[in-house]
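1. here is a sequence with its predicted model. Questions after.
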Amino acid sequence: MELLVIAGVAAIVWRVLHRRTPVSRPAEIGAVGWCSGTSWRVLPPLARAGTRSLLRHPAFLAGAALTPLMLWLATADTAFGSAPDWRDISLAIALALVPLAWLTIVAVNLIALRPRRTGTDELFAALPTPQPVRTTALLTTGIGPATVAAALAVAWVGVVATREDVRGSPDWLEIAVGPLIVAGAVTVGVAVARWLPRPIFGVLAAIATMLIQARFLDVTTWPWDRAAGDPLRFLGFIAEATGAGTAALEVRPAGWHLLYLFGLVVVMAAVALVRDGLRPPIASVLAVAVLVVTGAGWIQTRPLSPARQAEMVSYLTDPAAHQRCETTDGIRYCAYPGFTDAIGDWRERVETTLGVLPPVASEWRDPLEVTQRAPVIVGNSDCSPSPYEASLPPPVAERVTPAALWPADDHVHPGFREESFPCSDEDVHGFFLAVQVGAWAVGLPPAPHGSNERCTATGQARAAVALWAAAAGTPDGERLLRAVLEQGVSADGTLISFDGDGVDGGGWDAPPMWGVDYHATDAAVALALLSRPPAEVAGALGEDWAHWMDPSTASVELADAAGVGGPAEAAARSGSPCP
Amino acid sequence: MNSGTTVELDEVTKRYGSTAAVDGISLALERGVTGLLGPNGAGKTTLLRIIATVLAPDRGAVRVLGEDPGRADGRLSIRRRLGYFPQEPGYYANLTAFAFVDYIAILKELTDRQERHHEVTRVLTQVGLDDVMHKRIKALSGGMRRRVILAQALLGRPELLVLDEPASGLDPEQRLRFRETVSAVAEHHTVLLSTHQTDDVSALCQRVVVMDRGRVLHDGAPGALVDHAHGHVWVAAEPDPGARVSWRISSGHYRLIGDPPPGAELVTPALEDAYLLLLGRNTSGADGPVPTPGRA
């Protein structure tokens, strides 16, 4: 996609640079400014004519044609993957309209410079409609592109709404950011044309807005170097969601942000008009707009109130006070409000995973609890894993400790987001959760605790059994287990640990939250066991469950016993051994 | 200013660096067509721009249609009553002739859509573009494009029409049509026409102003200019080194302008002869050479 955008910008730059030299000599044309007798009645027809030109301009048409593709790309994961959420979709729709805004800047800039480019400026200078009225009319044309952007957004909401499983409802304040940015693009294009009357500056302005947006969009990088949840990001044109995973843990002052953007749009419009002189009405509008921008920007970046901070801390560290629970067949399932629909999926995966194991697997331990909690690691805007705390508002992150957030409680812990492989919207049918369930069944810690603390069970038969049970109890499980092996094995043979050593975490939005660093050799034994009927393997395991669950029993022995072959010898153990 | 005076210039000067494009010109224009003749660089376009309010003079007083273009409200009032055809008019080539003139009509404050479209149709018909008005300008010939610009100048029946070389590039038929249009406007209004075509001046203008080097060399009826040339145009079988300019004519003889030798076969001068004679005198004095007549 980036290549497409770069190619488009390069084509526009080439086209602009190779246009013929302007034929007129603007420097010779007398000043045409504000005049008390100016007729503003020309504004509506002039705005209509300008809007027609803008909506038919090739750059705008290209942007409009590109937008459905952008909407698809931006919302493919959130809207058409599993467990779609209107909150994420609303943000993605606004983001998808940004390329249209870039091309709108170019289009309106070229239209604003058309008298200069075509040499009609001398003729226009002798007409009774002065430049300020023409500039105002051009600024008014922003309504057209914004309406087109809004129509595309609403149409896409309609497309997404055909899915019945989308959680929540569209956030219109978040979606409105997109059309407002497109309207703002018109004011930017006109202002640049008035102050820097060369077409190349219109293209440069579009590129500049991309860079400005990129800087503000990711406050985790230079020059900000802030946490992803820092409210400074709202000073950008569009603020992506953090990785907090739930609206309850993210502050999005959508109304204030909309007002902030509106103020910026008015500021740019005033800047365009000031080119013809700072008249008192324009100065007043500019002053009010600057105040609005400053005020709305200040409000957006205020720290959370102590009460809201406490509420968020409680949400994270005292889930029982917030979650809704239900018990089925002695297994307790707890989910935060808004996620309770997911319990059915969790239950299915728990039952199918435990179902392939011998009955003793569910009896030799305390009853299983499946409790939703924040993941230890999440993907960030660069699609690379980062600590979850960085996604939280900084004051909240400072008040929670890893020990309080992720206690070692031996529960199975689904996260906030649907599981998936990196950069993929493929349905993995809860396979990562199944591995947690398998771990619980064999006496291994299901999920990490503290600061991503995991233990190693390398070479242990029970580790292979956990992986086998997860794959056998999940539709298409064998292929998914192979895919895990392909997604990344670190130098020491650990499956996807995000502790470095060669595992590329790029693209993971919701990485597997396993309490064990599984080893590739044990995954190979699990894969080998999958060649046998599950009942046969379960029967063999049930005959001497205690032996196979003993940490000293090697996975190689299990492979031999099952007659499936496997690694020649156990892998060397490293890291903290599992209890 | 007299009640019938449309444009009044008093000692108007406009300089570009050390060059005086317009050098202390005083002029008063009334209803009818006034032709503005002069070689390239004479200052015609600068003078027209000043009158059309797109250029401010460095010195001198200007009143157009009774208004002072130095004041914003005066400029606005003038522009509402002015039709202007710039020397180098631009086009929105992707628009149709109708759409372009319609856009100019909006800028001329014709806000009522129905009335505006009626007026746009009228002026395009007046310049003979009624059958191509819905073609894109880029598909029109050069002459047709100039007629599009003439059409916009006619919008709203302006009291003052300032035309800077509007007829260049027009074929003979188009030129006749142009003369017809301009003369019709001049029945009630003032037309100031800058041109290199002396035959247009002869055919259209009640008055001719000849400019050179920013100054007015002649201001009067075309016939009065021609009168100055009586006794200075002759034909001969051979070129005469004493003539300011000479050229071979269709009969095989030479037409010569200057001070004729004794016994020369004098002929009735045309406006072009008088114009060339006047320019030659201004350029180099009574005995100097005359530059070859040229066009802008």
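-> Perfect, I can see it now.
2. the helices in the stretch 101-250 of chain B, which residues?
-> B:113-126, B:142-154, B:172-186, B:198-204, B:222-229 (DSSP state H, counting those that start in this stretch).
3. so which of those helices is the most packed in?
-> Comparing the helices of the stretch 101-250 of chain B by mean neighbour count (mean count of other CB atoms under 10 Å in any protein chain shown), helix B:142-154 ranks first with a mean of 23. The way it works is simple: take the backbone N, C-alpha and C, and place the C-beta from them, glycine included.
4. show me what that one packs onto, helices and strands only.
-> strand B:82-85, helix B:97-107, helix B:113-126, strand B:160-164, helix B:172-186 (3 or more CB pairs under 8 Å, 6 or more residues apart in numbering or on different chains; DSSP states H and E).
5. again, only this time at 7 Å
-> strand B:82-85, helix B:97-107, helix B:113-126, helix B:172-186 (3 or more CB pairs under 7 Å, 6 or more residues apart in numbering or on different chains; DSSP states H and E).
6. give me the angle between the second one and helix B:113-126.
-> Between helix B:97-107 and helix B:113-126, the angle formed by their directions is 130 degrees, by axes from the mean of the first three to the mean of the last three CA atoms, to 10 degrees.
7. for helix B:97-107, buried residues please.
-> B:97-107 (16 or more other CB atoms under 10 Å in any protein chain shown).
8. quick check, pLDDT for the residue in chain A that chain B sits nearest to.
-> Closest residue of chain A to chain B, CB to the nearest CB: A:Gly119 (3.1 Å). Predicted confidence (pLDDT) for A:Gly119: 90.
9. dump the helices and strands packed on helix B:142-154 into TSV; add distance to chain A and mean pLDDT as well.
-> Listed next are the helices and strands packed on helix B:142-154 as TSV, based on distance: least, CB to the nearest CB, whole Å; pLDDT from 0 to 100:
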stretch	distance to chain A	mean pLDDT
strand B:82-85	4	96
helix B:97-107	4	97
helix B:113-126	7	96
helix B:172-186	17	90
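10. which among the ones you listed is found nearest to A:Ala463?
-> For those, proximity to A:Ala463 was assessed by CB to CB; helix B:97-107 is nearest, at 75.7 Å.
11. quick check, distance from the closest one to the centre of its chain.
-> 24 Å (CA atoms, centre = their mean, to the nearest Å).
12. what about the residue of chain A closest to chain B, how many residues nearby?
-> 21 (other CB atoms under 10 Å in any protein chain shown).
13. interface residues of the stretch 451-579 of chain A facing chain B?
-> The stretch 451-579 of chain A comes close to chain B at no residue, as judged by CB under 7 Å from any CB of the partner chain.
14. for A:Ile93, find the nearest of the helices and strands packed on helix B:142-154.
-> helix B:97-107 (35.0 Å).
15. so where is chain A shaky, pLDDT-wise?
-> A:1-9, A:12-35, A:77-83, A:379-384, A:423, A:425, A:488-492, A:496-508, A:566-575 (pLDDT under 70).
16. for chain B, what spans make up the strands?
-> B:5-16, B:19-30, B:32-37, B:59-64, B:82-85, B:160-164, B:190-194, B:207-212, B:215-220, B:233-236, B:243-248, B:254-258, B:265-266 (DSSP state E).
17. got those as JSON lines, with mean neighbour count columns?
-> As requested, the strands of chain B are exported to JSON lines (neighbours: other CB atoms under 10 Å in any protein chain shown):
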{"stretch": "strand B:5-16", "mean neighbour count": "18"}
{"stretch": "strand B:19-30", "mean neighbour count": "18"}
{"stretch": "strand B:32-37", "mean neighbour count": "25"}
{"stretch": "strand B:59-64", "mean neighbour count": "18"}
{"stretch": "strand B:82-85", "mean neighbour count": "26"}
{"stretch": "strand B:160-164", "mean neighbour count": "25"}
{"stretch": "strand B:190-194", "mean neighbour count": "25"}
{"stretch": "strand B:207-212", "mean neighbour count": "24"}
{"stretch": "strand B:215-220", "mean neighbour count": "18"}
{"stretch": "strand B:233-236", "mean neighbour count": "20"}
{"stretch": "strand B:243-248", "mean neighbour count": "18"}
{"stretch": "strand B:254-258", "mean neighbour count": "22"}
{"stretch": "strand B:265-266", "mean neighbour count": "12"}
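18. those strands into JSON lines, with extra columns for distance to A:Val525?
-> Below are those laid out as JSON lines (distance: least, CB to CB, whole Å):
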{"stretch": "strand B:5-16", "distance to A:Val525": "92"}
{"stretch": "strand B:19-30", "distance to A:Val525": "95"}
{"stretch": "strand B:32-37", "distance to A:Val525": "101"}
{"stretch": "strand B:59-64", "distance to A:Val525": "98"}
{"stretch": "strand B:82-85", "distance to A:Val525": "90"}
{"stretch": "strand B:160-164", "distance to A:Val525": "93"}
{"stretch": "strand B:190-194", "distance to A:Val525": "97"}
{"stretch": "strand B:207-212", "distance to A:Val525": "103"}
{"stretch": "strand B:215-220", "distance to A:Val525": "106"}
{"stretch": "strand B:233-236", "distance to A:Val525": "117"}
{"stretch": "strand B:243-248", "distance to A:Val525": "108"}
{"stretch": "strand B:254-258", "distance to A:Val525": "113"}
{"stretch": "strand B:265-266", "distance to A:Val525": "124"}
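19. and B:Asp112, how many neighbours?
-> 11.
20. distance check, it against chain A.
-> 9 Å (CB to the nearest CB, to the nearest Å).
21. leaving out chain neighbours, which residue sits closest to the closest residue to chain A within chain B?
-> Using CB to the nearest CB, B:Gly90 is the residue of chain B that sits closest to chain A, at 3.1 Å. Leaving aside its sequence neighbours, B:Gly90 sits nearest to A:Gly119 (CB to CB, 6 or more residues apart in numbering or on different chains; 3.1 Å).
22. what's the answer for B:Gln174, then?
-> That would be B:Gly143: by CB to CB, 6+ apart, it lies 5.1 Å from B:Gln174.
23. so who does that neighbour touch?
-> Counting by CB atoms under 7 Å, 6 or more residues apart in numbering or on different chains, B:Gly143 touches B:169-171, B:174.
24. assign A:Leu480 to helix, strand or coil.
-> Per DSSP: H, G, I helix; E, B strand; the rest coil, the secondary structure class of A:Leu480 is helix.
25. show me how the chain divides into domains.
-> You didn't say which chain, so I picked chain A. A:44-201, A:317-562 (automatic domain parsing).
26. can you look at chain B instead?
-> Split by automatic domain parsing, chain B gives B:1-81+B:158-220, B:89-157, B:225-284.
27. the longest one: how far from the chain's middle?
-> Okay, so that is domain B:1-81+B:158-220. The mean C-alpha position of domain B:1-81+B:158-220 is separated from the chain mean by 7 Å, CA atoms, centre = their mean.
28. neighbours around A:Leu316, how many?
-> A:Leu316 has 23 nearby residues by other CB under 10 Å.
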